[in-house]
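> My questions are about this predicted structure, shown below with the sequence.
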Amino acid sequence: MSEMLEADFYALIDEDDNREFLGGRLVVSEPASNRHEDIFGFLLFLLRGFLEERGAGLVRGSHYPMRLDEKWSPEPDLLVVREERRHLMRTQRLEGPADLVIEITSGSKPRADIRLKLPRYREAKIPEIWLIDPYASSIRVEILESEGYRTATHGAGRLAAAVIPGFWLDVAWLWQEPLPPAASCLRQILA
């Protein structure tokens, strides 16, 4: 696979395309599983509702690129941009790193794109990264501190987002089948 120019990527790709621009190459994203889509929709609802209610920022889904440089425009499953950095959001992409990036595993093995993207997320100094693995019932959270990333794994309990003051999640919600009603969970978070 040969390299392509960033301008060609943005001219070629539309919002329904399943390819990302990683390291100057087009990388095909793996199909999402049913469980992935449930968790994605649930988290999108919770984050959007919270951020709108508190005026704290914006959340975008998996087809909104985050331009890190001329060769890297990954599309995380979810990304959050705090209100004070909203000016970096353009029509086609976010100019620079998000404040929070969330990736959700679709199968029992980590996705190839996550293995490619995670080192680049760290290099871009994204303040908070969540890697959700519903098959292992765990969330790996990486929070950027002055000496590097602090990593913790959560399987249960309350997980408070470091970069979104007041937003939290009961991790056990994500492992329930079916997922709990999102509106009820959002009311608990906002209470």
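Cool, the structure landed. Numbers count the residues shown, from 1 in each chain.

> Going by C-alpha atoms from here, please, whenever you check contacts or count neighbours.
Noted.

> Need the pLDDT of P134.
Looking at P134, its pLDDT is 93.

> Leaving out chain neighbours, which residue sits closest to it?
With sequence-adjacent residues excluded and distances taken as C-alpha to C-alpha, 6 or more residues apart in numbering, P134 is closest to W175, at 6.4 Å.

> Which helix in the chain has the most residues?
helix 34-54 (DSSP state H).

> Quick check: buried residues in it?
For helix 34-54, burial by neighbour count (16 or more other C-alpha atoms under 10 Å) applies to 35-36, 39-40, 42-51.

> before we move on, the earlier item: please report phi then psi for the residue nearest to P134.
Main-chain torsions, W175, degrees, to the nearest 10: phi -100, psi -10.

> so what's it scoring on pLDDT?
In this model, W175 carries a pLDDT of 97.

> And for it, the neighbour number?
The tally of other residues near W175 (other C-alpha atoms under 10 Å) stands at 19.

> returning to what we had before: run the chain-centre distance for the longest helix of the chain.
11 Å (C-alpha atoms, centre = their mean, to the nearest Å).

> Kindly report the same for stretch 131-146.
11 Å.

> I would like the residues contacting it, please.
With contacts defined as C-alpha atoms under 8 Å, 6 or more residues apart in numbering, stretch 131-146 is touched by 35-36, 102-108, 125-130, 149-156, 162, 171, 174-175.

> Now, the residues you listed that are in helices?
Per DSSP H, the subset of the contacts of stretch 131-146 in helices is R35, H36.

> Can you check the distance spanned by stretch 56-63, start to finish?
21 Å (C-alpha to C-alpha, to the nearest Å).

> Revised request: answer the last question for stretch 171-189.
13 Å.

> If you count neighbours, what's buried in it?
For stretch 171-189, by 16+ other C-alpha under 10 Å, it's V171, A172, W173, L174, W175, A182, C185, L186, I189.

> wait, the fourth one sits on G41?
Same thing as L174. No - between L174 and G41 there is no contact under C-alpha atoms under 8 Å: 11.2 Å.

> And the pLDDT for I126?
98.

> My error: substitute K109 in the last question.
K109 is assigned a predicted lDDT (pLDDT) of 58.

> what pLDDT, on average, does stretch 41-60 get?
Here stretch 41-60 scores 98 as its mean pLDDT.

> Other residues contacting that stretch?
For stretch 41-60, the surrounding residues in contact (C-alpha under 8 Å, 6+ apart) are 61, 78-84, 86, 164, 167, 179, 182-183, 185-186, 189-190.

> Strands - which of those land there?
Using DSSP state E, the subset of the contacts of stretch 41-60 located in strands is L78, L79, V80, V81, R82.

> Among the residues you listed, which one lies nearest to A7?
L79 (22.4 Å; C-alpha to C-alpha).

> Leaving out the residues flanking it, which one is nearest to the closest one?
V101 is the one closest to L79 (C-alpha to C-alpha, 6+ apart), at 4.6 Å.
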